[in-house]
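Asker: Have a look at this prediction, sequence included:
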Amino acid sequence: MALELRPNCEFCDRDLPPASTMARICSYECTFCADCVEKHLHNVCPNCGGGFAPRPIRPATEWRSGLSVAKQPPSSKRVHLHYTEEDIARHSARISSIAPELR
Ligand SMILES: [Zn+2]
Ligand SMILES: [Zn+2]
């Protein structure tokens with residue numbers, strides 16, 4: 001199963017196209033930009049509480065048959081958070097001091 005490659009940051013709604021080096025994902029593929037992960041989320045996913053990693057870039061070139069960004073195009077469905085900023089701040093404060101591998 002391939003990553004969806006969601007099109008936007010769930011916090012600030014900026015575009016995160018498939019080749020963006022700013023995209024960060026959690027293990028559930030909750031997707032945010034690097035700025036929001038650092039400044040607002042403090043490496044705590046507001047949905048699941050996990051940490052983030054850079055989203056890998058799907059190759060534009062079909063190096064192997066059937067595998068490229070054209071063959072498995074990115075999702076066009078924009079995703080938005082359902083939590084208030086206050087709730088997210090509390091959630092981050094509670095979890096950010098715990099290393100992701102210990103959460
Ligand atoms: Zn953002
Ligand atoms: Zn998550």
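Answerer: That came in fine, so what should we check first? Ligands and ions are numbered 1, 2, ... in the order given.

Asker: What residues does this structure have near ligand 1?
Answerer: Neighbours of ligand 1 within the chain, by Cβ under 5 Å from the ion: 9, 11-12, 33, 36. Every residue, glycine included, has its C-beta placed from N, CA and C.

Asker: who wins for most neighbours among the residues you listed?
Answerer: Using other Cβ atoms under 10 Å as the neighbour criterion, residue 9 leads the residues of the chain next to ligand 1 with 25 neighbours.

Asker: longest single helix anywhere in the chain?
Answerer: As assigned by DSSP state H, the longest helix anywhere in the chain is helix 85-95.

Asker: who touches that helix?
Answerer: Helix 85-95 has contacts (Cβ atoms under 8 Å, 6 or more residues apart in numbering) with 11, 40-42, 44, 46, 49, 81, 83, 103.

Asker: switch the cut-off to 10 Å
Answerer: With Cβ atoms under 10 Å, 6 or more residues apart in numbering as the test, helix 85-95 has contacts from 11, 36, 40-47, 49-51, 81, 83-84, 103.

Asker: got the CA positions of stretch 77-94 in PDB?
Answerer: The C-alpha trace of stretch 77-94 is given here as PDB (Å, rounded to 0.1, in the frame of the first residue of the first chain):
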ATOM      1  CA  LYS A  77      -8.400  15.400  -0.800                       C
ATOM      2  CA  ARG A  78      -7.400  18.200   1.600                       C
ATOM      3  CA  VAL A  79      -7.400  17.300   5.300                       C
ATOM      4  CA  HIS A  80      -8.000  19.700   8.200                       C
ATOM      5  CA  LEU A  81      -7.600  19.400  11.900                       C
ATOM      6  CA  HIS A  82     -10.700  19.100  14.100                       C
ATOM      7  CA  TYR A  83      -9.100  20.400  17.300                       C
ATOM      8  CA  THR A  84      -8.800  23.900  18.600                       C
ATOM      9  CA  GLU A  85      -5.400  25.600  18.900                       C
ATOM     10  CA  GLU A  86      -5.800  25.600  22.700                       C
ATOM     11  CA  ASP A  87      -6.400  21.900  22.700                       C
ATOM     12  CA  ILE A  88      -3.400  21.300  20.400                       C
ATOM     13  CA  ALA A  89      -1.200  23.400  22.700                       C
ATOM     14  CA  ARG A  90      -2.300  21.400  25.700                       C
ATOM     15  CA  HIS A  91      -1.800  18.100  23.900                       C
ATOM     16  CA  SER A  92       1.700  19.100  22.700                       C
ATOM     17  CA  ALA A  93       2.700  20.400  26.200                       C
ATOM     18  CA  ARG A  94       1.600  17.100  27.800                       C
END
